[in-house]
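Novice: requesting a structural model of the entry that follows:
(2 chains)
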Amino acid sequence: GNSVTQMEGPVTLSEEAFLTINCTYTATGYPSLFWYVQYPGEGLQLLLKATKADDKGSNKGFEATYRKETTSFHLEKGSVQVSDSAVYFCALRTINSGGSNYKLTFGKGTLLTVNP
Amino acid sequence: NAGVTQTPKFQVLKTGQSMTLQCAQDMNHEYMSWYRQDPGMGLRLIHYSVGAGITDQGEVPNGYNVSRSTTEDFPLRLLSAAPSQTSVYFCASSYDFTSYNEQFFGPGTRLTVL
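Specialist: Got it, this is the predicted structure:
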């Protein structure tokens, strides 16, 4: 089956620090990969995605590259801000050969706190 | 567009009570799903639907029912609430079931079962 493993949190950084949140996956078939962000008290929002190997997703200064050889999709940002404080979820989605598996598989989430 | 809306935002139930969590989307999305979010567990899929009249079970369907009579609405029914169903529930939709299309999430319903 499919699974996503992301680094345990919480992660606490100072403003302007470099961020990496590791994400690795196992999947049957050829997955699309996503990072979702959840701000306090809100639902999840798509942050970025990549649909094939070597694709780089980017948004709001965040980046992640789809690495098929290492089955990874690590999230990075060069200079975090207080407003980036949130929970970040790595996720994948595949469709099996029978066309019946449409679900998103999520990692457990990583809480990021950025201090001024 | 309102996107994905959920009601209520908060609910407290007693063990054994039943209730329906409402979910609606105005984006004409074919695919809709329900997740529950528990601390340290990420999001787990309860039920999903690939179109009106078609539903299927996810990872944790026990104790929940769904129906999809229209494209817009996808209610989640708790038949007899249990404390183990205390959680935050999210409804999500996407244009179709193609793997690369993002899912749009509602704001969530926080349910407490006493």
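Novice: where along the chain do the strands fall?
Specialist: Because you didn't say which chain, this covers chain A. A:3-6, A:11-14, A:19-21, A:23-26, A:32-38, A:44-50, A:56-59, A:62-65, A:75-77, A:86-93, A:104-106, A:110-115 (DSSP state E).
Novice: that's the wrong chain, I wanted chain B
Specialist: With DSSP E as the criterion, chain B has strands spanning B:4-7, B:10-13, B:19-25, B:31-38, B:42-51, B:54-57, B:64-66, B:76-78, B:87-94, B:104-105, B:109-113.
Novice: take these and lay them out in CSV including mean neighbour count, mean pLDDT and distance to chain A.
Specialist: C-betas here are computed from N, CA, C, even on glycine. What follows is the strands of chain B, written out as CSV (neighbours: other Cβ atoms under 10 Å in any protein chain shown; pLDDT from 0 to 100; distance: least, Cβ to the nearest Cβ, whole Å):
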stretch, mean neighbour count, mean pLDDT, distance to chain A
strand B:4-7, 18, 96, 8
strand B:10-13, 14, 96, 11
strand B:19-25, 19, 97, 11
strand B:31-38, 23, 94, 6
strand B:42-51, 21, 91, 4
strand B:54-57, 14, 92, 8
strand B:64-66, 19, 97, 14
strand B:76-78, 18, 97, 15
strand B:87-94, 23, 95, 6
strand B:104-105, 22, 92, 4
strand B:109-113, 18, 96, 9
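Novice: make CSV out of those strands and add distance to residue A:78.
Specialist: Formatted as CSV, the strands of chain B follow (distance: least, Cβ to Cβ, whole Å):
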stretch, distance to residue A:78
strand B:4-7, 32
strand B:10-13, 38
strand B:19-25, 35
strand B:31-38, 29
strand B:42-51, 27
strand B:54-57, 42
strand B:64-66, 43
strand B:76-78, 41
strand B:87-94, 30
strand B:104-105, 27
strand B:109-113, 35
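Novice: out of those, nearest to residue A:109?
Specialist: strand B:42-51 (5.6 Å; Cβ to Cβ).
Novice: least confident secondary structure element in chain A?
Specialist: Every helix and strand of chain A was ranked by mean pLDDT, DSSP states H and E. The lowest is strand A:104-106, at a mean of 87.
Novice: mean pLDDT lowest where, among the strands of chain A?
Specialist: Note on these: strand A:104-106 shows the lowest mean pLDDT, a mean of 87.
Novice: need the contact partners of that strand.
Specialist: A:2-4, A:27, A:34, A:36, A:89-93, B:33, B:42-45, B:92, B:103 (Cβ atoms under 8 Å, 6 or more residues apart in numbering or on different chains).
Novice: one more time with 7 Å, if that's ok
Specialist: Contacts to strand A:104-106, defined as Cβ atoms under 7 Å, 6 or more residues apart in numbering or on different chains, come from residues A:2, A:3, A:4, A:89, A:91, A:92, A:93, B:42, B:43, B:103.
Novice: drop anything exposed from these.
Specialist: A:2, A:4, A:89, A:91, A:92, A:93, B:42, B:43, B:103 (16 or more other Cβ atoms under 10 Å in any protein chain shown).
Novice: which of the residues you listed lies closest to residue B:111?
Specialist: Ranked by distance to residue B:111 (Cβ to Cβ), the buried ones among the contacts of strand A:104-106 are led by residue B:43 at 14.8 Å.
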